[in-house]
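In: make a model of this:
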Amino acid sequence: QVQLVESGGGLVQAGGSLRLSCAASGRTFSIYRMGWFRQAPGKEREFVAAIKWWSGSSTAYADSVKGRFTISRDNTKNTGYLQMNSLKPEDTALYYCAAGVRVSTDTDYTAYDYWGQGTQVTVSS
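Out: Residues are numbered from 1 along each chain as shown. Here you go, the predicted model:
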């Protein structure tokens, strides 16, 4: 089992920045990828970004956040990060951290085996 706890959400004005953190515990050696998803009220959960946990060299981003968000991880701290810059009101959502232990598609939420509880990000205009 892998446990994930997100932090760092909050209220920010448009154009501002936030950094989300995802602390992993348990069988962290089994993590293959870490991803971030978000879900706005009345909308489906959508992929935001993903990173290969051990190499850190392979990343993927949704088109809507490319160039504004950066995913990273620190294996020594068992923590993943999502740096969000130039935030827009449409980025408002509950952000989830997820960990996958299988080789699969980064953008597919079914490829992830463990999920955090989510952290709220609200961007005001």
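
In: nearest spatial neighbour of the residue nearest the centre of the chain, chain-adjacent residues omitted?
Out: With distances taken as C-alpha atoms, centre = their mean, the chain has Trp36 as the residue nearest its mean C-alpha position (2.2 Å). Spatial nearest neighbour of Trp36, excluding adjacent residues (C-beta to C-beta, 6 or more residues apart in numbering): Val48 at 4.3 Å. For glycine as for every other residue, the C-beta is placed from the backbone atoms N, C-alpha and C.

In: again with Asn85
Out: Using C-beta to C-beta, 6+ apart, the nearest residue to Asn85 is Ser17, at 4.7 Å.

In: give the burial count for the one you found, as a bare number.
Out: 11 (other C-beta atoms under 10 Å).

In: check the gap between it and Val123 for me.
Out: According to C-beta to C-beta, to the nearest Å, Ser17 stands 10 Å off from Val123.

In: what do these two both touch?
Out: Leu87 (C-beta atoms under 8 Å, 6 or more residues apart in numbering).

In: residues near the residue nearest to Gln120 when sequence neighbours are not counted, how many?
Out: Setting aside the residues directly before and after it, Gln120 is nearest to Gly9 in space (C-beta to C-beta, 6+ apart), at 4.8 Å. Neighbours of Gly9 under the rule other C-beta under 10 Å: 19.

In: go on, the one 4 residues further on?
Out: With neighbours defined by other C-beta under 10 Å, the count for Gln13 comes to 10.

In: go on, Phe37?
Out: 23.

In: what of Ser104?
Out: For Ser104, using other C-beta under 10 Å, the count is 14.
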